[in-house]
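**Student:** coordinates for the following, if possible.
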Amino acid sequence: MERSEIEKSFSLKRLETALYRFGIFPQKDVQGIHENLLKQKYVNKSSWIIAKVLVTENKIEGDWLNLSLDEIDKFFHKRIKSYLHHKYADRMYFPSALIQYIAWKINKQNNGE
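**Tutor:** Numbering: from 1, shown residues only. Next up is the predicted model:
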């Protein structure tokens, strides 16, 4: 991934659009938040922390928080395993088929299948 593509992903217009879509801040607050976020990795606003997160196969340093695909995979597995027995049925409430599949696969592995 080219650095210019990453920077375009975090452009002022895209940050503004994303913040509007979240719908957690009044419209009058969005401008100040996205302008601050343009210069920083994250912004604290009220009880919220809004961050620019880049997900990549390999780490890319920059003005964003960067998570690798391995880190995300490990996080999902750890969280799902932690709550598997209590929350296995709830997997169907996640809109992502991928999350549902990961929960199913972890459950299967835990049962020795």
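**Student:** make it CA atoms for all contacts and neighbour counts henceforth
**Tutor:** Noted.
**Student:** residue 112 should be in a helix, yeah?
**Tutor:** No. Using DSSP: H, G, I helix; E, B strand; the rest coil, the assignment for residue 112 is coil, not a helix.
**Student:** compute the number of surrounding residues for it.
**Tutor:** The tally of other residues near residue 112 (other CA atoms under 10 Å) stands at 7.
**Student:** how close does it get to residue 106?
**Tutor:** 10 Å (CA to CA, to the nearest Å).
**Student:** and residue 55, by the same measure?
**Tutor:** 23 Å.
**Student:** quick one: which of the two has more around it?
**Tutor:** Ranked by neighbour count (other CA under 10 Å), residue 55 and residue 106 place residue 106 first, with 18 against 15.
**Student:** didn't that one look like it was pressed against residue 83?
**Tutor:** No. Applying CA atoms under 8 Å, one finds residue 106 not in contact with residue 83, separated by 11.1 Å.
**Student:** nearest residue to the middle of this protein?
**Tutor:** residue 53 (6.5 Å; CA atoms, centre = their mean).
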